[in-house]
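S.K.: Okay, structure incoming, though there's no sequence with it:
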Ligand code: HEM
Ligand code: HEM
Ligand code: HEM
């Protein structure tokens, strides 16, 4: 009887922990989906692994207050710690080899509010839900030559991504990219009205198309060099554009962009003022968890932010435990020998 | 004042046979809360569904509530002591009871502190909901984060194992030894425990 009570309790615990269900999609499995942890990955983010830090400000113009009571939308200037990055699990990838680029921001406001967001240069996500993303990672890591074909057949929503990857122009600068939040969040205004919103960062710099081959000739870290030199001369800017869903727009599926005629609100300007190498820059130890939101913004029925939060925490646990493998540079320029 | 568990006596040197009502209430309330926390903890680390966010949003405030209650409970414990263990309880069991109870107290206090410190070291905001954000108790430090995280995770399993042992011991007292130890903590009123007398102020 005693053994029974203890045994049942232990079994319930093991079940909750997922030890009895090897097929459950846990954060650990999700993160393992990005491939084996080869030595060069130790200490780095498990995805969007290559990046460079920046600091700057977000100058809010006040217009965003029409949608959310968050302090970050009240007119004012708020400090930002951010990161330009490449959508690859390989921290040593050459810049010209990675199709998807990212921008991450962490904005603090004087009321103690904080907003973290990671955005990508694709205007929509390749797949509809986190389970499909895991299936995509599995298929693309598979040795079976038919795996991707089978995946695409089961997930037709991937088609627009394939088209984007082929046709969208490459640029030679992080500053010339538009970055898309892709996920839908709920914005609550002062009166308590709640609306579903997605956001983008529209670059002030004019995009200049360049072929990946030309880019490759300029070296493995061409984007990092370019942005460092560019910002040393003058700040780069983006307009934060909020897009409001109409009733019935798909809020739970980031693979479906909302029609371009939806109401938009330009809420302010992101000003990037200073670039620092990641190894000892201020973005290094930040987990750009998209569920760190100010009061006035909350998660919607989009399942991605929760999945990202769980996976990023796991990635953070791993990389912070491996930090010794990714030495800090103590202010020396990256690549300098000690 | 008695401060070692399992030793008879209270601040007023009254030999009681049961824990005070406050102690019993705290014990069972916290037993439920701590068991819930352990399940929520491993549950949240095993899912990427929106349940993850719900579980995390319970884990943090409930964990901090446990910290507050545990400190309160420790105060109550130091003030009122415990009823004596049965005189015929073998010495090893007596020692086991004393040590395991102190270990449980330690974990009730250390686990939430580790959670709080771990998030502080990660530079992650510690939101308890309802607009309450706790200040960090450590500066951001990835190495410390790693240490605190592994302690929080591993001690959670130690905690659970200890609770199972404690549960087994409690049931052993109740069902096998029938020595009144379980009744001392049982979540019932004094009147329903045979042989118990409530000490009067005159004693
Ligand atoms: C379930 C789906 C997803 C998974 C499992 C996933 C996984 C990851 C992981 C493990 C990291 C590294 C986190 C860290 O160590 O701090 C990361 C970073 C990132 N992800 Fe995702 N991701 C997902 C969806 C998305 C979506 C929808 C976007 C689009 C907006 C996105 C954009 C980014 C960006 C920009 C970063 C870089 C963050 C930084 O600079 O630290 N991810 N992702
Ligand atoms: C999360 C779970 C639990 C924790 C953290 C916990 C903790 C404790 C602690 C610290 C004490 C010592 C009391 C003191 O000296 O102030 C105690 C006593 C006791 N607990 Fe628990 N407990 C838990 C669950 C349970 C359960 C499920 C039972 C059921 C069998 C139980 C039965 C008892 C009994 C009978 C005592 C009195 C022991 C004595 O007279 O010395 N406890 N508990
Ligand atoms: C009695 C108190 C607590 C207990 C019993 C407890 C238990 C647990 C357990 C069992 C886990 C899962 C460990 C794993 O599977 O690796 C966990 C994880 C976690 N706990 Fe707690 N916890 C407590 C208090 C707290 C508090 C107060 C906080 C924060 C304010 C906190 C924050 C966390 C976090 C952030 C994680 C996830 C860590 C990770 O990234 O792996 N915990 N906890």
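M.R.: Happy to help now that I have it. Computed from a prediction, not measured in an experiment: that's the story for all the values here. Numbers count the residues shown, from 1 in each chain, chains lettered A, B, ... in the order given. Ligands and ions are numbered 1, 2, ... in the order given.

S.K.: rest of the way, CA atoms for contacts and neighbours
M.R.: Noted.

S.K.: how about the residues of the stretch 201-338 of chain A near chain B?
M.R.: Residues of the stretch 201-338 of chain A lying near chain B by Cα under 8 Å from any Cα of the partner chain: A:285-287, A:292, A:295, A:303, A:306-311, A:317, A:320-321, A:323.

S.K.: tell me what the lowest-mean-pLDDT helix or strand in chain B is packed against?
M.R.: Every helix and strand in chain B was compared by mean pLDDT, DSSP states H and E; the lowest is helix B:181-185, with a mean of 87. Applying 3 or more Cα pairs under 8 Å, 6 or more residues apart in numbering or on different chains; DSSP states H and E, we find helix B:181-185 packed against helix B:142-171.

S.K.: Show me what the helix it packs on is packed against.
M.R.: Counting by 3+ Cα pairs under 8 Å, 6+ apart, helix B:142-171 packs on helix A:2-17, helix A:304-321, helix B:21-44, helix B:91-121, helix B:181-185.

S.K.: Now tabulate those helices in a markdown table and tack on distance to residue A:236.
M.R.: Below are the helices and strands packed on helix B:142-171 laid out as a markdown table (distance: least, Cα to Cα, whole Å):
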| stretch | distance to residue A:236 |
| --- | --- |
| helix A:2-17 | 46 |
| helix A:304-321 | 28 |
| helix B:21-44 | 40 |
| helix B:91-121 | 31 |
| helix B:181-185 | 66 |
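
S.K.: low-confidence ranges in chain B?
M.R.: Residue ranges of chain B with pLDDT under 70: B:1-15, B:194-203.

S.K.: Those residues of it touching chain A, which are they?
M.R.: B:39, B:42-43, B:45-53, B:122-125, B:131, B:142-143, B:145-147, B:149, B:164, B:167-168, B:171-172.

S.K.: Now the buried members of the residues you listed.
M.R.: B:39, B:42-43, B:45-50, B:52-53, B:122-125, B:142-143, B:145-146, B:149, B:164, B:168, B:171-172 (16 or more other Cα atoms under 10 Å in any protein chain shown).

S.K.: Of those, which are in range of ligand 1?
M.R.: Restricting those to those touching ligand 1 (Cα under 6 Å from any ligand atom) yields no residues.

S.K.: sorry, back to before: give me the distance from the least confident helix or strand of chain B to the chain's centre.
M.R.: 16 Å (Cα atoms, centre = their mean, to the nearest Å).

S.K.: Wasn't residue A:195 part of a strand?
M.R.: Yes - counting by DSSP: H, G, I helix; E, B strand; the rest coil, residue A:195 is part of a strand.

S.K.: Looking at strand pairing, list the partners for it.
M.R.: On the basis of DSSP bridges, residue A:195 is bridged to residue A:187.

S.K.: Same question for residue A:203.
M.R.: The partner residues for residue A:203, given DSSP bridges, come to residue A:238.

S.K.: Please give me every residue in contact with it.
M.R.: A:175-178, A:237-239 (Cα atoms under 8 Å, 6 or more residues apart in numbering or on different chains).

S.K.: Repeat that for residue A:296.
M.R.: A:68-70, A:187-189.

S.K.: Repeat that for residue A:198.
M.R.: Here residue A:198 is in contact with A:181-185, A:242-245 (criterion: Cα under 8 Å, 6+ apart).

S.K.: can you check residue A:69 too?
M.R.: A:188-190, A:295-296 are the contacts of residue A:69 under Cα under 8 Å, 6+ apart.

S.K.: State the pair within those that is farthest apart.
M.R.: Across the contacts of residue A:69, the longest distance by Cα to Cα is 10.9 Å; it joins A:190 and A:295.

S.K.: about what we covered before: got a markdown table for the contacts of residue A:198, with neighbour count, secondary structure and distance to ligand 1 too?
M.R.: Formatted as a markdown table, the contacts of residue A:198 follow (neighbours: other Cα atoms under 10 Å in any protein chain shown; DSSP: H, G, I helix; E, B strand; the rest coil; distance: Cα to the nearest ligand atom, whole Å):
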| residue | neighbour count | secondary structure | distance to ligand 1 |
| --- | --- | --- | --- |
| A:181 | 26 | coil | 5 |
| A:182 | 27 | coil | 5 |
| A:183 | 28 | coil | 6 |
| A:184 | 27 | coil | 10 |
| A:185 | 26 | strand | 12 |
| A:242 | 22 | strand | 14 |
| A:243 | 21 | strand | 15 |
| A:244 | 23 | strand | 17 |
| A:245 | 19 | coil | 17 |
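
S.K.: quick check, stretch B:153-167 touching ligand 3?
M.R.: Yes - shown here: stretch B:153-167 in contact with ligand 3 (Cα under 6 Å from any ligand atom) through B:153, B:156.

S.K.: And residue A:105, how close does it get to residue A:208?
M.R.: 24 Å (Cα to Cα, to the nearest Å).

S.K.: who has more neighbours, those two?
M.R.: Neighbour count, other Cα atoms under 10 Å in any protein chain shown: between residue A:105 and residue A:208, residue A:105 has more, with 26 against 12.

S.K.: Am I right that residue A:55 is in contact with residue A:80?
M.R.: Yes - using Cα atoms under 8 Å, residue A:55 is in contact with residue A:80, at 5.6 Å.

S.K.: Quick one: list the elements packing against the host helix or strand of residue A:28.
M.R.: Using DSSP states H and E, residue A:28 sits within helix A:27-32. Under the contact criterion of 3+ Cα pairs under 8 Å, 6+ apart, helix A:27-32 touches helix A:304-321.

S.K.: try it again with 10 Å
M.R.: helix A:130-140, helix A:304-321 (3 or more Cα pairs under 10 Å, 6 or more residues apart in numbering or on different chains; DSSP states H and E).

S.K.: Quick check: next helix or strand after it?
M.R.: strand A:50-60.

S.K.: Each with direction, which strands does that next one pair with?
M.R.: Strand pairing for strand A:50-60, using DSSP bridges, gives strand A:76-86 (antiparallel), strand A:264-277 (antiparallel).

S.K.: re the thing from before, need the residues touching each of residue A:55 and residue A:80.
M.R.: A:105-106, A:271-273 (Cα atoms under 10 Å, 6 or more residues apart in numbering or on different chains).

S.K.: Number of residues surrounding the residue in the stretch 1-150 of chain A positioned nearest to ligand 3?
M.R.: Here the stretch 1-150 of chain A gets closest to ligand 3 at one residue, residue A:17, 6.9 Å apart by Cα to the nearest ligand atom. Around residue A:17 sit 21 other residues, with neighbours defined as other Cα under 10 Å.

S.K.: Contact partners for it?
M.R.: Applying Cα under 10 Å, 6+ apart, the residues near residue A:17 are A:11, A:26, B:38-47.

S.K.: what's the distance between residue A:10 and residue B:161?
M.R.: 9 Å.

S.K.: what's the closest non-adjacent residue to residue A:199?
M.R.: Leaving out its chain neighbours, the residue that sits closest to residue A:199 by Cα to Cα, 6 or more residues apart in numbering or on different chains is residue A:242, at 4.5 Å.

S.K.: beta partners of the one you found?
M.R.: Beta-bridge pairing for residue A:242 (DSSP bridges): residue A:199, residue A:265.

S.K.: Tell me the confidence at it?
M.R.: pLDDT, residue A:242: 98.

S.K.: Would you confirm that it contacts residue A:195?
M.R.: No - between residue A:242 and residue A:195 there is no contact under Cα atoms under 10 Å: 11.1 Å.

S.K.: And the residue nearest the centre of chain A, its phi and psi?
M.R.: In chain A, the centroid-proximal residue (Cα atoms, centre = their mean) is residue A:118; its distance is 3.1 Å. Phi and psi for residue A:118, reported as degrees, to the nearest 10, are phi -120, psi 130.
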